[in-house]
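1. got a structure for you, letters missing:
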């Protein structure tokens, strides 16, 4: 069956609809291939990553600046290395102190990649490989550090400092100073983190990574000897408390003895002064009386008054009977001799 073609006004044959469809299909194929090729050439680098461009497995260059760059498609491949602080949580492990006490240490590490090329060459650019290497380094450093410390030193070095209360000596307590002064001092000691970090500061040169910090989340005791250790610690704290109580009681006794001695001295001095004042007053009283009744005319009146005073004193009490001789000064009052 013959195919008929249509002609335009000039007599030229018009293209058939099948040929138009073929051209459109070819255009879309070419466009898709071009987009795939362009995408294969583009390398988009974000702020929190490095891009390693490899050619046949070998790293040709490292892209660390955020933006768009290019590579040879199908020949060069791209690996991503994070450019940010990474957290690695180490599994809890058992370590032994210098006094043969077992402790469980649970810690974590903050680290980041500083040299992506060396990181790729030594660790294959793998985060897992890096974490395995960090795990070994930190565990060995922690074990070496704690094995040279006693259990008490490990606990004290957990925070890197301890507070000490300094009390004045017994010799500082004088008779004029009744208070015992106390002073609180903060003693800085090397922390456990610093001791561990001092042993792993070579990883940046070797692997192209840096460990920012190693922090111990938890220090604990194994369950099998935890109760025994707690009992021993309680006993030690009770002994320390008893020692503090004894020292406090001794200090209090010194203060009380000093106070009692000062009170006794003060009372004795006051009584002595009072007796002296009383003696001076009586002497002055007698001198005044002596001056007042020094002449003959006043002497009789003085004797009369003194006799009345003596009689008054004698009449005190339930027995009011007085037996007097005739020459008694009191009897003279009744005989009218005054």
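-> Done, it's in. What you are looking at is a predicted structure, and each value in this text was computed from that prediction instead of being measured.

2. lowest-confidence helix or strand of the protein?
-> With mean pLDDT, DSSP states H and E as the measure, the helix or strand of the chain carrying the lowest mean pLDDT is strand 161-167 (a mean of 51).

3. Next up, the contacts around residue 131.
-> By CB atoms under 8 Å, 6 or more residues apart in numbering, the contact list for residue 131 reads residue 88. Any C-beta I mention is one placed from the backbone N, CA and C, and that applies to glycine too.

4. I'd like the numbering to begin with 125 instead of 1 from here.
-> Okay, residue one is now 125; in that scheme the one you just asked about reads as residue 255.

5. Just say helix, strand or coil for it.
-> Under DSSP: H, G, I helix; E, B strand; the rest coil, the three-state class of residue 255 is helix.

6. Just the buried positions in stretch 425-440, please.
-> Neighbour-count burial for stretch 425-440 flags 427, 431, 435 (criterion: 16 or more other CB atoms under 10 Å).

7. typed the wrong thing, it's stretch 374-392
-> Residues 375, 382 are the ones in stretch 374-392 that count as buried (16+ other CB under 10 Å).

8. again with stretch 177-187
-> 177, 178, 186, 187.

9. tell me which strands and helices the longest helix along the chain is in contact with?
-> Secondary structure of the chain per DSSP state H: the longest helix is helix 350-416. Packing contacts for helix 350-416, counted by 3 or more CB pairs under 8 Å, 6 or more residues apart in numbering; DSSP states H and E, involve helix 420-438.

10. what angle do the helix it packs on and helix 350-416 make?
-> Helix 420-438 runs at 140 degrees relative to helix 350-416, counting by axes from the mean of the first three to the mean of the last three CA atoms, to 10 degrees.

11. Quick one: distance of helix 420-438 to the chain centre.
-> 88 Å (CA atoms, centre = their mean, to the nearest Å).

12. so what does that helix touch, helix or strand wise?
-> helix 350-416, helix 453-458.

13. same question for stretch 314-331, mean pLDDT?
-> Averaging pLDDT along stretch 314-331 gives 79.

14. That stretch: end-to-end distance?
-> End-to-end span of stretch 314-331 (CA to CA, to the nearest Å): 27 Å.

15. what does it rub up against?
-> For stretch 314-331, contacts defined as CB under 8 Å, 6+ apart pick out 238-239, 242-243, 246-247, 254, 257-258, 261-262, 264-266, 268-270, 278, 281-285, 333-335, 337-340.

16. Give the buried residues for that stretch.
-> In stretch 314-331, counting by 16+ other CB under 10 Å, buried: 315, 316, 317, 319, 320, 321, 324, 327, 328, 331.

17. Taking those together, which two end up most distant?
-> Maximum pairwise distance in those, criterion CB to CB, is 24.9 Å, between 315 and 331.

18. Show me which of the buried residues of stretch 314-331 is closest to residue 409.
-> Residue 409 lies nearest to residue 315 out of the buried residues of stretch 314-331, by CB to CB, at 82.9 Å.

19. Look up phi and psi at that closest one.
-> phi -80, psi 160 (degrees, to the nearest 10).

20. Let me know the distance separating it from residue 321.
-> Between residue 315 and residue 321 the distance is 9 Å, computed by CB to CB, to the nearest Å.

21. Show me the strands in the stretch 175-324 of the chain, by range?
-> 182-187, 191-194, 200-206, 210-213, 217-220, 226-237, 285-291, 306-312 (DSSP state E, counting those that start in this stretch).

22. I figured residue 342 hits residue 228, correct?
-> Yes: between residue 342 and residue 228 there is a contact under CB atoms under 8 Å: 7.5 Å.

23. These two - which one has more neighbours?
-> The residue with more neighbours, out of residue 342 and residue 228, is residue 228; 15 against 10, by other CB atoms under 10 Å.

24. ok so, going back, ok, the buried residues of stretch 314-331 vs residue 361, which is closest?
-> Here the nearest of those to residue 361, counting by CB to CB, is residue 316; it sits at 22.3 Å.

25. That closest one and residue 272, how far apart?
-> 12 Å.

26. so how far is stretch 315-331 from its chain's centroid?
-> Stretch 315-331 sits 24 Å away from the centroid of its parent chain (CA atoms, centre = their mean).

27. measure it end to end?
-> 26 Å.

28. quick one on the thing from earlier: for the buried residues of stretch 425-440, give me CSV that also has distance to residue 385 and pLDDT.
-> Below are the buried residues of stretch 425-440 laid out as CSV (distance: CB to CB, whole Å; pLDDT from 0 to 100):
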residue, distance to residue 385, pLDDT
427, 51, 71
431, 50, 73
435, 49, 72
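
29. Good, wrapping up.
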